[in-house]
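*Asks:* task: produce atomic coordinates for the following.
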Amino acid sequence: MSNYVFVINTNKKPCNPVHPGTARQLLKSGKAAVFRRFPFTLILKTEAKEPLREIQLKIDPGSKTTGIALITQGTYVIWGAELIHRGQAIKSSLESRKSLRRGRRNRHTRYRQARFLNRSRTPGWLAPSLQHRVETTITWVNKLIKFVPITGISQELVRFDLQQIENPEISGSEYQQGELVGYEIREYLLEKWDRKCSYCDVKDVPLQIEHIVPKAKGGSNRISNLCLACEKCNLKKGTQDIEKFLAKKPEVLKRIKSLSLRPLKDAAAVNSTRWKLLNRLKDTGLPVVTGSGGKTKFNRKRLELPKSHWIDAACVGDVETLKVLVTKPLSIKASGHGTRQICRTDKFGFPNRYCSRTKFHFGFQTGDIVKAVVVTGKKIGTYVGRIATRTTGSFNISTSDGLIQGISHKYCKFIHRKDGYGYLI
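*Replies:* Numbering: from 1, shown residues only. Below is the predicted model of the structure:
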């Protein structure tokens, strides 16, 4: 069964969510109309007299995906969603901008002074890719507060011990000394990888420092992501994933992964944003309680529930028993609102095409979800999807079956206006 349906009254105040069957009856009898498609919300045409139930909003923050669940009467899971962040896309865009600006400074054009040392950061500043995780989560919390009578919020306040993830046996003064105490990086790598190529085991040749996860694919300069390789292997691997490069050498792949240990990027992202998110949740004015990651896992194992982000969210905090009334949560993917660029550039940073400053055409904008019923011409049929607008009024519609081009704006009707998110039920 899909999620329960949100309901608001004629004054746009939240009412109790209803079963999908009840929602169909309300629509069929004319007592309600569709107010919003995602999340699916009805607006009543009369006043609601039913007393409001207590509903708890539970959140399981994650680096790539955040789980959200609504619990009523402390037992019934009536709504679930998984919010997919775009932190890596933001990081890639910033790195692209940085490289283009650096290229402009190095070319024979007028000198542009670097500005990376004359900008102050406010207290509590987070990198844009991390701040995005907080903002998108808060955006959806505020949306749900408008449509659901939420009485409290629960957040999983997990803290990862990054040094113990790298070295499970660490203890005592080793926490302060770190992994490289007494070593230069190259000497440490020579000792760690036995002074030979990590991929082909060749010895007594010049060795180069190699990124296990390539920097072009988000790899970091952490010591756990570095190994040694001869020039031949380094050039041959290039920017390939290590799984693809060593597909025919499973023993070597297993050895390298065991020596490099787990990547820490996702754990560091959660550690960096957890307190910021908690303080922003408190700003909503609702009571906020926290639970540990261990307790969430214990509740899920005890109740024999499957592993997923929205189920983990339902298990946050004190849980006696859960009855999951939802089998298919709403998948929400942050896609952004586009770009402010007034022109597009080629790979060298030179402008190569113009972007119109006008975003709306015939009342529509690119990214709106529409339904087009074409009754004449070569493209007769019904099409539902996101549109790409044109000044001519001839739009493209991206449907589940592919791209449909040349649909007139006269046939299009709104389903859901662009809000920076993509949805999948």
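*Asks:* list the buried residues of stretch 6-16.
*Replies:* Counting neighbours by 16 or more other C-beta atoms under 10 Å, one finds that the buried residues in stretch 6-16 are Phe6, Val7, Ile8, Asn9, Pro14, Cys15, Asn16. All C-beta spots, glycine's among them, are computed from the backbone N, C-alpha and C.
*Asks:* those residues into TSV, with extra columns for distance to Gly422 and pLDDT?
*Replies:* Output for the buried residues of stretch 6-16, formatted as TSV (distance: C-beta to C-beta, whole Å; pLDDT from 0 to 100):
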residue	distance to Gly422	pLDDT
Phe6	20	97
Val7	25	96
Ile8	24	96
Asn9	30	93
Pro14	25	94
Cys15	28	94
Asn16	28	95
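*Asks:* Arg110: which of those residues is nearest?
*Replies:* Closest approach to Arg110 among these (C-beta to C-beta): Phe6, at 55.7 Å.
*Asks:* contacting residues for the closest one?
*Replies:* Contacts for Phe6 (C-beta atoms under 8 Å, 6 or more residues apart in numbering) come out as Pro14, Pro17, Arg36, Pro39, Phe40, Thr41, Leu42, Trp79, Phe147, Val148.
*Asks:* in helices, which of those residues fall?
*Replies:* Phe147 (DSSP state H).
*Asks:* among the contacts of Phe6, which are located in strands?
*Replies:* Arg36, Thr41, Leu42, Trp79 (DSSP state E).
*Asks:* return the member of those residues nearest to Thr389.
*Replies:* Looking across those and measuring by C-beta to C-beta, the closest to Thr389 is Arg36, at 21.8 Å.
*Asks:* what does the pLDDT read for Ile90?
*Replies:* For Ile90, the pLDDT comes out at 93.
*Asks:* who touches stretch 294-306?
*Replies:* Contacts of stretch 294-306 (C-beta under 8 Å, 6+ apart): 60, 156, 158, 307, 311-312, 314-317, 319, 321-322, 324.
*Asks:* once you drop chain neighbours, what's closest to Ile71?
*Replies:* Gln56 (4.6 Å; C-beta to C-beta, 6 or more residues apart in numbering).
*Asks:* partners of the helix or strand hosting that neighbour, with directions?
*Replies:* With elements taken from DSSP states H and E, the one containing Gln56 is strand 55-60. Paired strands of strand 55-60, with direction, are strand 65-72 (antiparallel), strand 150-156 (parallel) (DSSP bridges).
*Asks:* could you dump that strand to PDB, C-alpha only?
*Replies:* Output in PDB follows, covering the C-alpha atoms of strand 55-60 (Å, rounded to 0.1, in the frame of the first residue of the first chain):
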ATOM      1  CA  ILE A  55       1.800  12.400  15.000                       C
ATOM      2  CA  GLN A  56       5.600  12.100  15.400                       C
ATOM      3  CA  LEU A  57       8.000  13.100  12.600                       C
ATOM      4  CA  LYS A  58      11.100  10.900  12.700                       C
ATOM      5  CA  ILE A  59      14.300  11.600  10.700                       C
ATOM      6  CA  ASP A  60      17.300   9.400  10.000                       C
END
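*Asks:* least confident secondary structure element in the protein?
*Replies:* helix 174-177 (a mean of 46; mean pLDDT, DSSP states H and E).
*Asks:* which residues touch stretch 238-248?
*Replies:* Contacts of stretch 238-248 with the rest of the structure, by C-beta under 8 Å, 6+ apart, involve Tyr199, Ile212, Val213, Pro214, Ala216, Lys217, Lys236, Lys237, Val252, Leu253, Ile256, Lys257.
*Asks:* okay, those residues in JSON lines with distance to Thr296, secondary structure and neighbour count next?
*Replies:* Shown next, in JSON lines, are the contacts of stretch 238-248 (distance: C-beta to C-beta, whole Å; DSSP: H, G, I helix; E, B strand; the rest coil; neighbours: other C-beta atoms under 10 Å):
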{"residue": "Tyr199", "distance to Thr296": "39", "secondary structure": "coil", "neighbour count": "23"}
{"residue": "Ile212", "distance to Thr296": "31", "secondary structure": "coil", "neighbour count": "19"}
{"residue": "Val213", "distance to Thr296": "28", "secondary structure": "coil", "neighbour count": "18"}
{"residue": "Pro214", "distance to Thr296": "34", "secondary structure": "coil", "neighbour count": "17"}
{"residue": "Ala216", "distance to Thr296": "35", "secondary structure": "helix", "neighbour count": "10"}
{"residue": "Lys217", "distance to Thr296": "30", "secondary structure": "helix", "neighbour count": "11"}
{"residue": "Lys236", "distance to Thr296": "44", "secondary structure": "helix", "neighbour count": "13"}
{"residue": "Lys237", "distance to Thr296": "39", "secondary structure": "helix", "neighbour count": "19"}
{"residue": "Val252", "distance to Thr296": "37", "secondary structure": "helix", "neighbour count": "16"}
{"residue": "Leu253", "distance to Thr296": "32", "secondary structure": "helix", "neighbour count": "16"}
{"residue": "Ile256", "distance to Thr296": "32", "secondary structure": "helix", "neighbour count": "17"}
{"residue": "Lys257", "distance to Thr296": "27", "secondary structure": "helix", "neighbour count": "14"}
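*Asks:* closest to Val375 among these?
*Replies:* For these, the nearest to Val375 is Lys217 (47.9 Å; C-beta to C-beta).
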